[in-house]
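1. Need a 3D model of the sequence below.
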Amino acid sequence: MVKFQNDSGNISLSPEVLTAIVGDAATGCFGVKGMAMRSVTDGLVHLLKRESMGKGVYITYNEGSSVSIELHIIVDEGVNIPVLCKSIISEVRYKVTELTGVEVENVNVFVDSIIID
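-> Here you go, the predicted structure:
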């Protein structure tokens with residue numbers, strides 16, 4: 001949980017809020033098919049539905065009210081992966097900072113699978 005204090009009082013952000021913002025920012029980037037999760041039982045990567053995309057987002061709360069973010073994604077075939085990842089990192093940093101005021105220390109993007117249509 002991230003907590004802030006300002007002139008008006010205290011603000012607390014639940015992990016679900018940050019996860020939803022991060023997931024929405026990442027999946028909004030062109031070329032991202034969705035969030036991914038590796039199954040413990042069979043080791044396969046599964047495309048997550050919109051309502052459970054938070055399972056592909058891992059947030060670490062650092063000292064000083066900053067966060068580190070890890071994303072596991074599935075991308076469309078033919079996208080330039082380095083350019084896409086740079087775009088995702090930029091978008092996630094911007095959205096989290098703009099909407100919550102939380103400083104993002106780093107964003108790590110893992111491409112777990114490519115969807116071939």
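2. residue ranges for the strands of this structure, please.
-> Taking DSSP state E as the criterion, the chain carries its strands at 2-6, 9-13, 32-38, 45-47, 57-61, 66-76, 103-115.
3. Relative to residue 88, which of those is closest?
-> strand 103-115 (5.4 Å; C-beta to C-beta). For the C-beta atoms, the positions are set from N, CA and C on the backbone; glycine is no exception.
4. Can you get me the centre-to-centre distance for the closest one and its chain?
-> Relative to the chain's own centre, strand 103-115 is displaced by 7 Å; criterion: C-alpha atoms, centre = their mean, to the nearest Å.
5. picking that back up, any chance of TSV for the strands of the chain, columns mean pLDDT, distance to residue 94 and mean neighbour count?
-> Compiled in TSV, the strands of the chain are given as follows (pLDDT from 0 to 100; distance: least, C-beta to C-beta, whole Å; neighbours: other C-beta atoms under 10 Å):
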stretch	mean pLDDT	distance to residue 94	mean neighbour count
strand 2-6	72	17	11
strand 9-13	83	17	11
strand 32-38	85	16	20
strand 45-47	75	25	16
strand 57-61	91	16	16
strand 66-76	92	13	20
strand 103-115	93	9	16
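6. For the top helix by length along the chain, which outside residues touch it?
-> If you go by DSSP state H, the chain has its longest helix at helix 81-100. If you take C-beta atoms under 8 Å, 6 or more residues apart in numbering as the criterion, helix 81-100 is touched by 2, 13, 17-18, 21-22, 24-26, 28-32, 67, 69, 71, 73, 75, 102-104, 107, 109, 111.
7. Next: stretch 58-65.
-> By C-beta under 8 Å, 6+ apart, stretch 58-65 touches 1-4, 15, 18-19, 22, 67-72, 102-103, 105.
8. Tell me who's in contact with the most centrally placed residue in the chain.
-> For the chain, residue 22 is the residue whose C-alpha lies nearest the centre (C-alpha atoms, centre = their mean; 3.8 Å). For residue 22, the contact set (C-beta under 8 Å, 6+ apart) comprises 57, 59, 69, 71, 92, 95, 96.
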